[in-house]
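Peer 1: Have a look; sequence and predicted model below, questions after that.
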Amino acid sequence: MLKNSPRYLTAVAWAEAGIPVFPCVVNGKTPATPHGFKDRTTLRDRIDLYWSNEDFNLAIVPEDLGCFVVDIDNKHNGLELWQNLIHDKFAPPTRTIVTPSGGLHLYFRGSLPPSAGRCGKGIDIRGRGSYVLIPPSIVSGREYRPL
């Protein structure tokens, strides 16, 4: 097991806090388990097994936190679209994660289904039945990190 891996240690910490986690492939976003997010767990022995040979990335289902994530893709002008959508409107406080591509994951309380491509080019919702990578996952050599 990769006991010194920041991803393994973070997986253990989330699981101990009661939030199920699951591994995604090294340097990627694809689940590393046969059933994807349905294989998420808080069980330490399963986490130990998942991270026994590979320093996998780490993912959660936002719904397990009681929230949804607005996924803003910087490459498709998602930040500009988001700013236009919320212009002159109240936006509640949020936890913000910077993604490896320079985009943002904005965490909001509540429940929404995923929206893949329906909010506008560059903005997706990750909620029920979907997942997000969390820090300190790495894609393309760059880390997810809190803002």
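Peer 2: Everything's here; your move. Numbers count the residues shown, from 1 in each chain.
Peer 1: Where do the domain boundaries of the chain fall?
Peer 2: The chain breaks down by automatic domain parsing into domains covering 6-60, 63-130.
Peer 1: Including distance to residue 143, mean neighbour count and mean pLDDT, could these go into CSV?
Peer 2: C-beta coordinates here come from the backbone N, C-alpha and C atoms, glycine included. As requested, the domains of the chain are exported to CSV (distance: least, CB to CB, whole Å; neighbours: other CB atoms under 10 Å; pLDDT from 0 to 100):
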stretch, distance to residue 143, mean neighbour count, mean pLDDT
domain 6-60, 9, 17, 97
domain 63-130, 7, 16, 83
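Peer 1: Now the spatially most central residue of the chain: phi and psi?
Peer 2: Residue closest to the mean C-alpha point of the chain, counted by CA atoms, centre = their mean, is residue 132 at 2.3 Å. Taking degrees, to the nearest 10, you get phi -140, psi 150 for the backbone angles of residue 132.
Peer 1: Relative to residue 46, how far out is it?
Peer 2: Taking CB to CB, to the nearest Å as the measure, residue 132 falls 20 Å from residue 46.
Peer 1: what ranges do the helices span in this structure?
Peer 2: Secondary structure of the chain (DSSP state H): helices located at 6-16, 44-50, 78-86.
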